[in-house]
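> Here is a sequence together with a model predicted from it:
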Number of protein chains: 2
Amino acid sequence: MTISFDEALALDAADPLAHCRERFVLPEGVVYLDGNSLGALPRATAASVAATVERQWGGDLIASWNKHDWIGAPQRLGDRIAPLIGARPGEVLVADSTSINLFKLLGAALAARPGRTTIVSETDNFPSDLYIAQGIAGLTGAKLRMVEADAVAAAIDTDIAVVMLTEVDYRSGRRHDMPAMTAAAHEAGALMLWDLSHSAGAIVVDLNAAGADLAVGCGYKYLNGGPGAPAFLFVAEALQAELISPLPGWLGHHDPFAFEPDYRPAPGISRFQAGTPSIIAMAALEAGLATFDGVRMTEIEAKSRRLSDLFIALVDEKCPELTLASPRQSRASHLVFAHRDAYPLMQALIERGVVGDFREPDLMRFGFAPLYNGFADVWRVVDAIAELITTRAFDQPRFRQRSKVT
Amino acid sequence: MTISFDEALALDAADPLAHCRERFVLPEGVVYLDGNSLGALPRATAASVAATVERQWGGDLIASWNKHDWIGAPQRLGDRIAPLIGARPGEVLVADSTSINLFKLLGAALAARPGRTTIVSETDNFPSDLYIAQGIAGLTGAKLRMVEADAVAAAIDTDIAVVMLTEVDYRSGRRHDMPAMTAAAHEAGALMLWDLSHSAGAIVVDLNAAGADLAVGCGYKYLNGGPGAPAFLFVAEALQAELISPLPGWLGHHDPFAFEPDYRPAPGISRFQAGTPSIIAMAALEAGLATFDGVRMTEIEAKSRRLSDLFIALVDEKCPELTLASPRQSRASHLVFAHRDAYPLMQALIERGVVGDFREPDLMRFGFAPLYNGFADVWRVVDAIAELITTRAFDQPRFRQRSKVT
């Protein structure tokens, strides 16, 4: 027997993170469980972006690079992300997209392990990560070896330059053992590169405790930086002097305003900058990162776990037609359930103001963002699913029409 | 004998582009001649960005990818840039930064010319372009050959895969002969790649008339897209099926939402997308591109030329201490002048509300953006320079203090 709606409301009333919901603007009547795809809009973002556009760009024009420290945004925002992922100041940089940052670190890692020619990853990794690895393989003659998640550790031999894994699977939510996998990579002399896109801001990540070498991650999911927000990269301090970006743009130069014809890497993490970043996008991300002010990642992970445990328990009780396709134990902050009518079911849910997303072939995905999702939200969503399945109200042609973006 | 201030005002009154100044917000009392570095703020940008943040992201959340066609922004904005640079619809994509786009096209070009191993460029090219070419050379074993501008044509032999030039020199404003250089590249069997960062939106560019293969360019200079705006790339239609991006992110996949483990390039220009772009930055760029509505590039170039001709004539008359370091004939929309005290002179000008910029070692740079700069602006700027030189009011220690960004 699970809990009633009133009991869910009582859990929200007692939740120490409940006040964080006020940090966001959410449409009336909507339960948004897709923050793992696009984080909700923080209340402070509009004013922060408007000030950057109107007062800074409009009022101070080019002088803003100094006056408003636009030039320092990549490092400043990196330092705000660092405590969320177990990194030190100066180890994280905000720049470009996750894919571009991944390319930089894969290229640097291959060059740092001469004689080794293989990148190993898992077949179910987020496809863009695999495509980028295929891209660098095509340029350099390196190879990408893709194996099933369970087989990664065994595949790490002395030809592996770098192990590239996403900590949390974008579909199933399955979570890798970061310390164990990192140790396995190091034992074989390989570098370990983590993609934290579905981890950062959702669960406790401790890169330095795990001894991780390299990481990348996304600004627009749990970090609430806005659609297509700039991404981040991490390079452990001890490796920074050795690694060289294969995308050496002018902002990663030792002295960008000397305009020298030959590249000389900047000291520290700054060498991983390429071209000029969007400062308006940076302002939105900075407001997104401020939604974590005063909150510990241990509190966020604990609430995430309680939300997803409740979701599973309610589904077990009320929606036996759904099959949990996430691990019951080693998982992060989103869940997927299989159902043969997953696509129309999700579209019907969305029309009712319950927003998750669909993933091929038959998966409904729900993300839990503890800063703005609550226990009553979870209760309402499972109730809506149960009702749709009972009434078969999802079974209409318009819910089966595919959109460009699913 | 040049013209008086009243005559300059009369030229503004008769200028067919004078009304375009209302499309921008410029601070009271400032003459802004740095639009070649960061374009001014368009009047429509704040509302466009606010609508994207508040109504789209805040109100429609993840559904905005379809509902507000966020997914189509890279191609839609590319099609708006196309007529400014002599390209056809479907030949231009907005994505990433200029440096990243350059890397994509260099990588694609090298792969399309197997057996040829050299990129040729000029020593005075914008350094970031050279660094990126050095980056891809380091990964692939290709070579970058840097020669003086005058020696480029002679350096194109049968080992050259791609000729990479910036049409307009970022320092001197010198303009290459695009049709002649493109023909020279083709004669040797090489591909021709143009960087249009200091051309697009400032002068008439006709990529297709010149037979150019590839191009990249900047969104934040004359296109008024905001600080660090997304950049663009051009691939001639006939080459699109053959060229493959070495940065194959998921949005460049044939079917991004099938989430296949192997990369298959999207048809057409879309294959040159990598990761997810900032939609807020795209909204600002879209407003920037709208400042060109109803204006022909021939009108813009004609006014640019009249502005810079007047500037040179006034300097010749009033400031003989300045040495023109731009060519008198083959130049684009900015001018540089050498002066031993260029740095403090420029800082003193900026304090007086006359904004240009400094470039090493001793250059003062002034850009003319015909949509918002006028003839009276030019008159005021030269008058201010003459007065500063006469009074030596620039000769103060505070004007010699270097900033991070110069």
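Done, it's in. Numbers count the residues shown, from 1 in each chain, chains lettered A, B, ... in the order given.
> and the gap between residue A:21 and residue A:80?
Counting by CB to CB, to the nearest Å, the gap from residue A:21 to residue A:80 is 21 Å. Just so you know, the C-beta spots here come from the backbone N, C-alpha and C atoms, and that holds for glycine as well.
> Quick check: longest helix in chain A by residues?
When chain A is parsed with DSSP state H, its longest helix is helix A:297-318.
> Check which helices and strands that helix sits against.
The contact analysis (3 or more CB pairs under 8 Å, 6 or more residues apart in numbering or on different chains; DSSP states H and E) places helix A:297-318 against strand A:334-338, helix A:375-391.
> can you list the domains in chain A?
Listed by automatic domain parsing, the domain ranges of chain A are A:5-43+A:296-400, A:47-290.
> For chain B, what's its nearest residue on the stretch 1-150 of chain A.
residue A:97 (2.9 Å; CB to the nearest CB).
> Could you count how many residues lie near the closest residue to that residue other than its chain neighbours?
Among residues not flanking residue A:97 along the chain, residue B:275 sits closest, at 2.9 Å (CB to CB, 6 or more residues apart in numbering or on different chains). Neighbourhood size, residue B:275 [other CB atoms under 10 Å in any protein chain shown]: 25.
> Run through the residues that contact residue B:275.
Going by CB atoms under 8 Å, 6 or more residues apart in numbering or on different chains, residue B:275 touches A:96, A:97, A:98, A:99, A:100, A:128, A:228, A:231, B:249, B:250, B:251.
> Now with 7 Å, please.
By CB atoms under 7 Å, 6 or more residues apart in numbering or on different chains, the contact set of residue B:275 is A:97, A:98, A:99, A:100, A:128, B:249, B:251.
> repeat for residue A:102
A:129, A:132, A:195, A:216.
> among these, who's most crowded?
residue A:132 (34 neighbours).
> quick one, which of the helices and strands packed on helix A:297-318 is packed in tightest?
Stretch with highest mean neighbour count among the helices and strands packed on helix A:297-318: strand A:334-338 (a mean of 24; mean count of other CB atoms under 10 Å in any protein chain shown).
> Not counting residues beside it along the chain, what's closest to residue A:107?
residue A:246 (3.1 Å).
> and the one you found, how many residues sit next to it?
25.
> And the pLDDT at it?
Residue A:246 is assigned 97 on the pLDDT scale.
> and the nearest residue to residue A:214 once chain neighbours are set aside, which of the three is it?
With CB to CB, 6+ apart as the criterion, residue A:214 has its nearest non-adjacent residue at 4.1 Å, and that residue is residue A:193. Secondary structure, DSSP: H, G, I helix; E, B strand; the rest coil: residue A:193 is strand.
> Any idea what residue A:193 is bridged to?
Beta-bridge pairing of residue A:193 under DSSP bridges involves residue A:164, residue A:214.
> Tell me if I'm right that residue A:346 and residue A:356 touch.
Yes: at 6.1 Å, residue A:346 counts as touching residue A:356 under the criterion of CB atoms under 7 Å.
> Return the member of the contacts of residue B:275 nearest to residue B:145.
residue A:100 (26.6 Å; CB to CB).
> thinking again about what came up before, need the contact list for the residue nearest to residue A:107.
By CB under 7 Å, 6+ apart, the neighbours of residue A:246 are A:104, A:107, A:108, B:135, B:138, B:139.
> again, but for residue A:250
Residue A:250 touches A:256, B:127, B:128, B:131, counting by CB under 7 Å, 6+ apart.
> from the residues you listed, which is closest to residue A:154?
Nearest member of these to residue A:154, counting by CB to CB, is residue B:131, at 39.6 Å.
> My read is that the closest one contacts residue A:245, right?
No: counting by CB under 7 Å, residue B:131 does not reach residue A:245; the two are 9.5 Å apart.
> picking that back up, out of the domains of chain A, which comes closest to residue B:39?
domain A:47-290 (9.3 Å).
> quick one on the thing from earlier: tell me which element the residue nearest to residue A:97 is part of?
Element membership of residue B:275, judged by DSSP states H and E, is empty: it is in no helix or strand.
> what does the model give it for pLDDT?
Residue B:275 carries a pLDDT value of 96.
> cool, the one 3 residues further on as well?
As predicted, residue B:278 sits at a pLDDT of 98.
> And it, how far from residue B:369?
On the measure of CB to CB, residue B:278 and residue B:369 end up 24 Å apart.
> swap in residue A:176?
Taking CB to CB, one finds residue A:176 at 51 Å from residue B:369.
> The two - which one has more neighbours?
Between residue A:176 and residue B:369, residue B:369 has the larger neighbour count (other CB under 10 Å), namely 29 against 21.
> Using just helix, strand and coil, how would you label residue A:221?
Three-state call for residue A:221 (three-state DSSP): coil.
> got the contact list for the residue lying closest to it once chain neighbours are set aside?
Counting by CB to CB, 6+ apart, the nearest residue to residue A:221 once its immediate chain neighbours are dropped is residue A:36, at 5.4 Å. Neighbouring residues of residue A:36 by CB under 7 Å, 6+ apart: A:198, A:221, A:222, A:333, A:334, A:367.
> Likewise for residue A:139?
Here residue A:139 is in contact with B:107, B:139, B:140, B:246 (criterion: CB under 7 Å, 6+ apart).
> ok, residue A:343 - contacts?
A:358, A:400.
> Make sure it is indeed in a strand.
No: per three-state DSSP, residue A:343 lies outside any strand segment and is helix.
> so residue A:270 sits right up against residue A:255, yeah?
No: counting by CB under 7 Å, residue A:270 stays clear of residue A:255, with 11.2 Å between them.
> low-scoring stretches of chain A, by residue?
Chain A contains residues with pLDDT under 70 at A:1.
> If we use 80, what do you get?
Applying pLDDT under 80 to chain A picks out residues A:1, A:406.
> thinking again about what came up before, of all the contacts of residue B:275, which comes closest to residue B:342?
So of the contacts of residue B:275, ranked by how close each gets to residue B:342 (CB to CB), first place is residue A:100, at 35.6 Å.
> Quick one: neighbours of the closest one, just the number.
25.
> Quick check: the gap between the most centrally placed residue in chain A and residue A:45.
Nearest to the mean C-alpha position of chain A, counting by CA atoms, centre = their mean, stands residue A:197 at 2.2 Å. According to CB to CB, residue A:197 and residue A:45 sit 20 Å apart.
> And for residue A:186?
When residue A:186 is compared with residue A:45 (using CB to CB), they lie 40 Å apart.
> Which one's more surrounded, these two?
Remark: of residue A:186 and residue A:45, residue A:45 carries more neighbours, 28 against 16, as counted by other CB under 10 Å.
> tell me the secondary structure for the nearest residue to that one once chain neighbours are set aside?
Spatial nearest neighbour of residue A:45, excluding adjacent residues (CB to CB, 6+ apart): residue A:287 at 4.1 Å. Residue A:287 carries the three-state label helix when classified by three-state DSSP.
> Tell me where the stretch 51-200 of chain A has strands.
Using DSSP state E, counting those that start in this stretch, the strands assigned to the stretch 51-200 of chain A run over residues A:92-95, A:118-122, A:143-147, A:160-166, A:191-195.
> Of all those, which one comes closest to residue B:393?
Per CB to CB, nearest to residue B:393 of these: strand A:92-95, 40.6 Å.
> Tell me the buried residues in that closest one?
A:92, A:93, A:94, A:95 (16 or more other CB atoms under 10 Å in any protein chain shown).
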